[in-house]
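Enquirer: Generate a structure from the sequence data that follows.
(one chain, ligands or ions: 2)
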Amino acid sequence: MKGAVGKIYGEASSFEFNFVIFDQKKVKRGDYVKVWNDVDGWVVAYVEDIIAKSNVRNKEIKEIVNGASEVFIGKAVVLGKREDGRLKVPRSPFVPGESVFLAEEKLISEVLGLSNEGVYIGLLGDTGVKVRLDPNSLVQKHVCILAKTGSGKSYTAGVIIEELLEHSVPLLIIDPHGEYHSMKHPNEKVNGEFGIKPKSYADQIRIAVPPISPFADKADEILILDGVNLTAEELIELTGLKNPTAQALLYQALKELKDEDYTIQDIIDEVERIKHNGKWTLLGALTKVEDSGLFGEKPTDIRRLLQRGKATIIDLRGIEPAYQDLIVSRVCTKLFELRKKEEVEPGMIVIEEAHNFIPERGFDRAVSTGILRTIASEGRKFGLGLMVISQRPARVDKNVISQCNTQIILRVTNPNDINAIRSGVEGITAEMVEEIKRLPPGNAMIVSPELERPVIVRVRSRKSRHGEAVSVTAPRVKERAKKKEKRKKKEERKERKGLLRRLFG
Ligand SMILES: Nc1ncnc2c1ncn2[C@@H]1O[C@H](COP(=O)(O)OP(=O)(O)OP(=O)(O)O)[C@@H](O)[C@H]1O
Ligand SMILES: [Mg+2]
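Expert: Residues are numbered from 1 along each chain as shown. Ligands and ions are numbered 1, 2, ... in the order given. Below is the predicted model of the structure:
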């Protein structure tokens, strides 16, 4: 039949079928095809795999390929057809001998349930079909982005952040590596196929850093916390205090203060009153915390961190992990309280390197875990969403990953991380896991209740500049190293020639 790319053979059910491919150049793994079903009409299927066979004995196949020595077989899983807004899988099996066609983009969009508006993430497989997700569902029901290092997590997160800014969603970005401030500049390397234009988000982005940051002079704002009622656990983490006597004295001082709100200065005053020689270690540690300047009498109004159409980036470069953890814990706790009272806009918190803030039990401990777990499980009731990003899925709290309704997975190869994805992502099949291991950079598998099945997306180009990893060597130094290498090779060649001449005259 005209336009057909293959023919169904052998046993076929209404869920899957195999088909002989006429021209291997026309059908690829990951393509969407359509087949006529006598009862249900055109039905769409996904080409999950293609197998090459030689010396085929099967008579049915031989007849289809006219005796060709090499045969390509497509394995297709049926998606179904859209009827009255719902996806229906046909009730009767496909008939062997039926022709297989490539599905048109409109039909693919319809069957997968892709909408015409929303957060534009990229293009579906090898097609020109735009994959868009509903911003409300994305924000309120949480997103996670998981992949091995260097496979495009931050780039993809940046794409979603750009889209959410355009939908006026308030964002707070926890940025331990300073990867997001580059969004203030347009991207000069936009790939034309995605239909987007370079854009700067300078007007919508504010960078906040704690006073201890080495980048304080470049920031738009210095983040000061109130430091009221710091717990013993928080203070022990911040001070790194291991001495049991000093810890016991800290608990003693806090017990005295517990009936009213207290600041770090109040704790210091209380410790000074203690008559025990062990207090000096504790006092030294507490003074260091106070000297950091992170806690002050005029703290930042946390409401300013989440504003309509704006993103606040908390740049945590160069900040000790214990301070990073405490900042995340305090800011998120305050935001959640304010959100519950509707004193701050509904919005989303983006957390890079999430394994440091919400570690899986047994791997690490963090004071921010508690609040982030609470937001993951209750945030949707109050309109506070999470975007969790990590290169070690196995080390992120599994409860939090499974609370994320939308899961964006780029290339993952580590077996422990693969297992974490298998257990944390609902409906993932063995074939999908194989696909995840082989995803090229910038390609993501998106699992979302909005989509009828997980899809592979070529993540679109960024409109704003992506924060590249910092190069360790300066370009000049690199050039000099290259020249040196060249000279060394030349000398080696010369030496080898000399040796040959000596050996063979
Ligand atoms: N969709 C894409 N289009 C074009 N380039 C991309 C895309 N995704 C990733 N890249 C490129 O790949 C590189 C690595 O991406 P990215 O920095 O997002 O990785 P990552 O997963 O966040 O890594 P890390 O774990 O080190 O933070 C980037 O420098 C970027 O240029
Ligand atoms: Mg990154």
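Enquirer: Could you pull out the buried residues of the helix or strand Ile50 falls within?
Expert: Applying DSSP states H and E as the criterion places Ile50 in strand 41-54. For strand 41-54, burial by neighbour count (16 or more other Cβ atoms under 10 Å) applies to 43-48, 50. C-beta: built from backbone N, CA, C; applies to glycine.
Enquirer: mean confidence score for it?
Expert: Mean per-residue pLDDT for strand 41-54: 92.
Enquirer: strands paired with it, and their directions?
Expert: strand 32-37 (antiparallel), strand 70-83 (antiparallel) (DSSP bridges).
Enquirer: Tabulate those strands in JSON lines, adding columns for mean neighbour count and distance to Ala202.
Expert: JSON lines is the format used below for the strands paired with strand 41-54 (neighbours: other Cβ atoms under 10 Å; distance: least, Cβ to Cβ, whole Å):
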{"stretch": "strand 32-37", "mean neighbour count": "22", "distance to Ala202": "40"}
{"stretch": "strand 70-83", "mean neighbour count": "19", "distance to Ala202": "42"}
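Enquirer: can you redo those strands as CSV with distance to Leu123 and mean pLDDT?
Expert: What follows is these, written out as CSV (distance: least, Cβ to Cβ, whole Å; pLDDT from 0 to 100):
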stretch, distance to Leu123, mean pLDDT
strand 32-37, 13, 93
strand 70-83, 18, 92
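Enquirer: need the residues of the stretch 401-505 of the chain near ligand 1, please.
Expert: Contact residues (Cβ under 6 Å from any ligand atom) of the stretch 401-505 of the chain with ligand 1: 441-442, 459, 461, 466, 468.
Enquirer: How about the stretch 51-200 of the chain?
Expert: So far as Cβ under 6 Å from any ligand atom goes, the stretch 51-200 of the chain lies against ligand 1 at 147, 149-155.
Enquirer: Closest one to Ala420 out of the buried residues of strand 41-54, please.
Expert: Glu48 (23.2 Å; Cβ to Cβ).
Enquirer: Pro449: neighbour count?
Expert: By the measure other Cβ atoms under 10 Å, the count of residues near Pro449 is 12.
Enquirer: hang on, isn't it packed against Cys404?
Expert: No - judged on Cβ atoms under 8 Å, Pro449 makes no contact with Cys404 at a distance of 11.0 Å.
Enquirer: shared neighbours, those two?
Expert: Lys141 (Cβ atoms under 8 Å, 6 or more residues apart in numbering).
Enquirer: Now His276: which helix or strand?
Expert: Here His276 is assigned to no helix or strand, by DSSP H and E.
Enquirer: For it, list the residues it contacts.
Expert: 245, 249.
Enquirer: if I look at it, how far off is ligand 1?
Expert: 47 Å (Cβ to the nearest ligand atom, to the nearest Å).
Enquirer: can you check Val455 too?
Expert: Taking Cβ to the nearest ligand atom, one finds Val455 at 15 Å from ligand 1.
Enquirer: Name whatever forms a beta bridge with that residue.
Expert: With DSSP bridges as the rule, Val455 is bridged to Ile446.
Enquirer: Do I have it right that it meets Met445?
Expert: Yes - the pair Val455 / Met445 is scored as a contact, 7.2 Å apart, by Cβ under 8 Å.
Enquirer: and the residues of the stretch 401-505 of the chain next to ligand 1, which of them are in helices?
Expert: Judged by DSSP state H, the subset of these located in helices is empty.
Enquirer: residue in the stretch 401-505 of the chain nearest to ligand 1?
Expert: Taking Cβ to the nearest ligand atom as the measure, the point where the stretch 401-505 of the chain comes nearest ligand 1 is Gly442, at 3.2 Å.
Enquirer: And that residue, what's its pLDDT?
Expert: Reading off the model, Gly442 has pLDDT 92.
Enquirer: What is the neighbour count of it?
Expert: 18.
Enquirer: Make 738 the first number, not 1, from now on.
Expert: Yep, numbering from 738; the last one is Gly1179 now.
Enquirer: Would you report the backbone torsion angles of it?
Expert: Main-chain dihedrals, Gly1179, degrees, to the nearest 10: phi 80, psi 0.
Enquirer: how about it, what does it touch?
Expert: So Gly1179 contacts 889, 892, 1147, 1195-1196 (Cβ under 8 Å, 6+ apart).
Enquirer: and which of the residues you listed is nearest Leu1123?
Expert: Closest to Leu1123, out of all of the contacts of Gly1179 and judged by Cβ to Cβ, is Leu1147, at 18.4 Å.
Enquirer: Do I have it right that that closest one meets Ile882?
Expert: Yes - counting by Cβ under 8 Å, Ile882 is a contact partner of Leu1147 at 7.4 Å.
Enquirer: shared neighbours of the two, anything?
Expert: With Cβ under 8 Å, 6+ apart as the test, Leu1147 and Ile882 both reach 890, 893.
Enquirer: Counting neighbours, what do you get for the closest residue to Asn980 other than its chain neighbours?
Expert: Computed as Cβ to Cβ, 6 or more residues apart in numbering, the closest residue to Asn980 that is not its neighbour in sequence is Thr1018, at 5.5 Å. Residues lying near Thr1018 (other Cβ under 10 Å) number 17.
Enquirer: quick one: Thr1018 and Ala983 touch, right?
Expert: Yes - Thr1018 lies in contact with Ala983 (Cβ under 8 Å); the separation is 4.5 Å.
Enquirer: Point me to the residue of the stretch 788-937 of the chain nearest ligand 1.
Expert: Gly889 (3.0 Å).
Enquirer: my guess is that residue meets Val1196, correct?
Expert: Yes - Gly889 is within contact range of Val1196, at 6.4 Å (criterion: Cβ under 8 Å).
Enquirer: list residues touching both of those two?
Expert: Each of 1179, 1181 lies in contact with both Gly889 and Val1196 under the rule Cβ under 8 Å, 6+ apart.
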